[in-house]
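Colleague: please work out how this folds:
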Amino acid sequence: MFNKDLFQEARKNAFFLVATIAMGVGIGVTVVIQSRLISQIISRVFLEENTVEQVQPLVFYLIAAVVFRAVFLLLQDLTAGRLSSQIMHNLRNRLFSRVLELGPVQIGQERTGELSNVIFQGVEKLDVYFREYLPRLALAGIIPLLVLIFVFPIDWLTGIIFLFTAPLIPLFMILIGQQAEIETKRQWNVLGKLNGYFFDVIRGLETIKNFSQSSARIKDIREKSEQYAILTLRVLRIAFLSALVLEMLATISTAVVAVQIGLRLLYGKMALVDGLFLLILAPEFYLPLRQLGASFHAGREGVAAAERIYQVLGSGKPQKVSPGRQKTIHFSNLIEFRNVSFQYKEKERPSVAELNFNIARGDHAALVGRSGGGKSTIAALLLGFILPHNGEVLVDGQPLTTGNVQAWRRQIAYIPQFPYLFNGTIEDNMRIAKENASDAEIVQAVQYANAEEFILRLPEKYNTIIGEDGAKISRGQAQRLAIARAFLRDAALWIVDEPTASLDPQNEHRISEILQQVRYRCTVLVIAHRLSTVVNADTILVLDHGRIVETGTHKQLIQKSGLYMELVGSVGGYQ
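Modeller: Below is the predicted model:
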């Protein structure tokens with residue numbers, strides 16, 4: 001239940017943690033004072049027959065103690081809440097930053113639904129841990145010791161009973177917690193898988209409908225939901241059992257104290273004022289331990305969620321970046337790959353191996369090869385989403401590992417084969433490329449991409465909301481918007497992953513012409529699947545199993561009758 005990573009998070013906000021614990025100590029002190037005052041008032045009124053005027057100062061002190069206890073309770077709630085909110089805010093920021101740092105390649109290995117569950121629900125589970133469990137854990141160790149300091153000078157027998165019965169509560173918490181830990185981890189893992197599966201179903205709804213798999217998917221979701229419900233009931237059963245055992249222990253211990261004090265009061269071996277003080281204080285002595293037990297289940301959930309959170313924060317290979325990472329990169333002459341190798345997982349065949357090639361400013365280069373040949377890996381290396389394990393990628397002689405990768409990406413326009421469009425208007429999606437673009441610049445970019453015609457037919461034209469991932473427009477229209485964004489970015493380098501894949505022949509020809517025009521003002525690297533985007537390239541790099549096996553123009557490669565010729569002539573290959 002004591003997680004080192006979570007404790008380190010609390011230490012980063014030490015002021016609020018110490019303040020929360022200090023307020024708890026203040027509550028403990030006021031409880032002792034309040035118990036002492038109550039016992040003295042009762043003793044003086046009933047045994048010494050004091051009048052109201054005689055006990056009036058003690059009553060005022062008692063009221064002051066009650067007020068101070070209420071203030072400490074309020075301040076403890078405020079500081080604990082601030083501690084919790086500050087840590088959750090910082091963790092969410094770190095998770096988002098980690099996702100952005102890893103980039104689409106490494107984070108793509110995580111299931112989107114499960115990842116969102118970690119970032120939102122997982123972090124939310126930590127609220128009770130920091131708001132209640134961690135402060136109560138500290139107070140459960142401090143307040144009983146504080147009470148014992150006051151009890152032992154008055155009555156050593158009661159102090160010994162307190163001393164030997166108090167550890168029974170955390171002991172049973174540990175014993176029950178071992179099984180609770182197993183069940184809570186299972187519950188959290190099943191919840192993550194359920195969220196991931198449900199998200200997959202939503203994203204693949206069209207495919208599910210096409211293959212008439214709706215009933216099967218509903219059955220799977222129902223089974224996973226039932227499994228989660230069963231695990232939740234198991235966890236709750238353990239939580240209720242824990243609460244019952246802890247309450248019984250606290251009640252029995254209090255009863256033992258009450259019986260031995262009652263017998264000694266009966267035989268006149270203890271003063272009434274001391275007996276009342278100890279009897280009033282007994283429930284307060286066990287209260288922090290009982291409160292710790294009450295928040296046990298929530299604390300266990302927080303620890304289970306934290307384990308997955310820190311897995312995400314520590315996931316992916318650390319990128320070995322030189323200290324001078326902030327150097328600005330300007331692409332004006334040459335991009336070089338020098339002996340570049342990269343593999344996604346250890347003990348697997350490298351995705352690319354010992355790559356050596358150059359792309360000069362103004363070139364129109366193309367990457368071709370069979371699926372899985374390493375074309376997309378080269379694009380990811382150029383974008384800085386991944387760093388080479390061996391070799392270097394240089395821009396005008398400067399390694400990308402020593403430059404400001406964000407500034408470098410601002411010089412690139414990347415057009416993937418399936419571009420993502422956000423749930424907003426067409427204008428909103430265009431401004432992702434250039435936030436301060438004028439309306440005239442947006443219209444001009446759209447015209448270049450031959451997209452204005454379909455936009456003007458939409459109900460709200462540029463203000464039409466196109467839905468998540470462009471759900472309200474066709475794939476070809478989405479591709480043209482992606483090309484328009486690239487125009488608006490006015491980048492020095494275009495990386496294009498087959499922009500004509502979803503277009504009709506007329507628009508395909510138009511885009512091919514656009515790529516020819518673009519080469520006169522920037523560099524173009526095309527990941528090619530169609531011959532129309534390859535034939536006019538200055539340089540064609542033919543990849544096979546991550547290595548460059550052929551280089552040349554279309555005419556030169558056709559004459560060699562090698563892999564390129566095989567790809568061009570194959571059925572379903574390059575057309």
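
Colleague: which stretches in this protein count as strands?
Modeller: 334-342, 352-360, 364-369, 390-395, 398-399, 412-415, 493-497, 523-527, 539-544, 547-552 (DSSP state E).

Colleague: mean neighbour count and distance to Ile466 added to those, as CSV?
Modeller: Heads up, the C-betas are built off the backbone N, CA and C, glycines and all. Output for these, formatted as CSV (neighbours: other Cβ atoms under 10 Å; distance: least, Cβ to Cβ, whole Å):
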stretch, mean neighbour count, distance to Ile466
strand 334-342, 19, 34
strand 352-360, 18, 34
strand 364-369, 24, 30
strand 390-395, 18, 35
strand 398-399, 19, 39
strand 412-415, 22, 17
strand 493-497, 23, 21
strand 523-527, 24, 25
strand 539-544, 21, 35
strand 547-552, 17, 39
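
Colleague: could I get those as CSV with mean pLDDT and distance to Gly26?
Modeller: Listed next are the strands of the chain as CSV, based on pLDDT from 0 to 100; distance: least, Cβ to Cβ, whole Å:
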stretch, mean pLDDT, distance to Gly26
strand 334-342, 85, 58
strand 352-360, 83, 63
strand 364-369, 83, 68
strand 390-395, 83, 60
strand 398-399, 80, 58
strand 412-415, 84, 58
strand 493-497, 83, 62
strand 523-527, 84, 66
strand 539-544, 84, 70
strand 547-552, 84, 71
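
Colleague: turn those into CSV, columns for distance to Pro283.
Modeller: Formatted as CSV, those follow (distance: least, Cβ to Cβ, whole Å):
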stretch, distance to Pro283
strand 334-342, 65
strand 352-360, 70
strand 364-369, 75
strand 390-395, 68
strand 398-399, 68
strand 412-415, 66
strand 493-497, 70
strand 523-527, 72
strand 539-544, 76
strand 547-552, 76
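
Colleague: among these, which comes closest to Tyr462?
Modeller: In terms of Cβ to Cβ, the element of the strands of the chain nearest to Tyr462 is strand 412-415, at 20.2 Å.

Colleague: contacts only, for the residue positioned nearest the centre of the chain.
Modeller: The centre of the chain sits closest to Ile119, judged by Cα atoms, centre = their mean, with a distance of 3.3 Å. Each residue near Ile119 by Cβ atoms under 8 Å, 6 or more residues apart in numbering is listed here: Arg92, Leu95, Phe96, Val99.

Colleague: out of those, which are inside helices?
Modeller: Counting by DSSP state H, these place Arg92, Leu95, Phe96, Val99 in helices.

Colleague: if any of these are buried, give me the ChimeraX selection for them.
Modeller: Burial among the ones in helices among the contacts of Ile119 is assessed by 16 or more other Cβ atoms under 10 Å; the matching ChimeraX selection reads:
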select :92,95,99
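
Colleague: pLDDT-wise, what's the bottom of the ones in helices among the contacts of Ile119?
Modeller: Least confident of these in the model: Val99, at 73.

Colleague: quick check: Leu394 touching Leu400?
Modeller: Yes. Contact status for Leu394 versus Leu400: in contact at 7.4 Å, counting by Cβ atoms under 8 Å.

Colleague: helices along the stretch 151-300 of the chain, start to end?
Modeller: Under the criterion DSSP state H, counting those that start in this stretch, the stretch 151-300 of the chain carries helices at the ranges 156-165, 168-203, 205-210, 214-266, 272-294, 296-313.

Colleague: tell me the helices and strands packed up against the last one.
Modeller: Okay, so that is helix 296-313. Contacting helix 296-313 under the criterion 3 or more Cβ pairs under 8 Å, 6 or more residues apart in numbering; DSSP states H and E are the following elements: helix 4-12, helix 52-107, helix 126-128, helix 168-203, helix 214-266.

Colleague: next one: stretch 388-403 to chain centre, how far?
Modeller: Averaging C-alpha positions (Cα atoms, centre = their mean, to the nearest Å) puts stretch 388-403 30 Å from its chain's average.

Colleague: end to end, how far does that stretch reach?
Modeller: By Cα to Cα, to the nearest Å, the extent of stretch 388-403 from end to end equals 14 Å.

Colleague: same check on stretch 101-119?
Modeller: Stretch 101-119 has an end-to-end distance of 15 Å (criterion: Cα to Cα).

Colleague: please apply the same query to stretch 360-369.
Modeller: Stretch 360-369: ends 21 Å apart by Cα to Cα.

Colleague: quick one: residues contacting Gly467.
Modeller: Shown in contact with Gly467 (Cβ under 8 Å, 6+ apart): Asn423.

Colleague: report pLDDT for it.
Modeller: 76.

Colleague: can you check Val71 too?
Modeller: So, for Val71, pLDDT stands at 91.

Colleague: give me the neighbour count for it.
Modeller: 14 (other Cβ atoms under 10 Å).

Colleague: repeat for Thr30
Modeller: As a burial measure, Thr30 scores 20 neighbours (other Cβ under 10 Å).

Colleague: now swap in the one 3 residues further on and tell me
Modeller: Other residues near Ile33 number 18, with proximity taken as other Cβ under 10 Å.

Colleague: which of the helices of the stretch 151-300 of the chain sits closest to Ala353?
Modeller: That would be helix 296-313 among these, by Cβ to Cβ, at 30.0 Å.

Colleague: one step back: for Arg361, find the nearest of the helices and strands packed on helix 296-313.
Modeller: Set against Arg361 and scored by Cβ to Cβ, the helices and strands packed on helix 296-313 come closest in helix 52-107, at 25.4 Å.

Colleague: now the closest one against helix 4-12, angle please.
Modeller: Here the directions of helix 52-107 and helix 4-12 differ by 120 degrees (axes from the mean of the first three to the mean of the last three Cα atoms, to 10 degrees).

Colleague: from the contact counts, what lies against helix 52-107?
Modeller: helix 4-12, helix 14-46, helix 123-124, helix 126-128, helix 134-151, helix 296-313, helix 375-383.

Colleague: so what's the residue nearest to Arg547 when sequence neighbours are not counted up against?
Modeller: Spatial nearest neighbour of Arg547, excluding adjacent residues (Cβ to Cβ, 6 or more residues apart in numbering): Ala353 at 5.6 Å. By Cβ under 8 Å, 6+ apart, the contact set of Ala353 is Ser341, Gly546, Arg547.

Colleague: dump those residues to a markdown table, plus distance to Glu9.
Modeller: Formatted as a markdown table, the contacts of Ala353 follow (distance: Cβ to Cβ, whole Å):
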| residue | distance to Glu9 |
| --- | --- |
| Ser341 | 38 |
| Gly546 | 42 |
| Arg547 | 46 |
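
Colleague: nearest to Val259, of those residues?
Modeller: Nearest to Val259, judged by Cβ to Cβ, of those is Ser341 at 77.7 Å.

Colleague: what about the helices of the stretch 151-300 of the chain, which gets the closest to Leu74?
Modeller: The closest of these to Leu74 is helix 272-294. By Cβ to Cβ, the value is 16.6 Å.

Colleague: just the pLDDT for the residue nearest to the centre of the chain.
Modeller: Taking Ile119 on its own, its pLDDT is 70.

Colleague: ok, Leu74 next?
Modeller: 90.

Colleague: same question for Tyr310.
Modeller: 74.

Colleague: separation between it and Ala360?
Modeller: Noted for Tyr310: a distance of 45 Å to Ala360, by Cβ to Cβ, to the nearest Å.

Colleague: with that, I have no additional questions.
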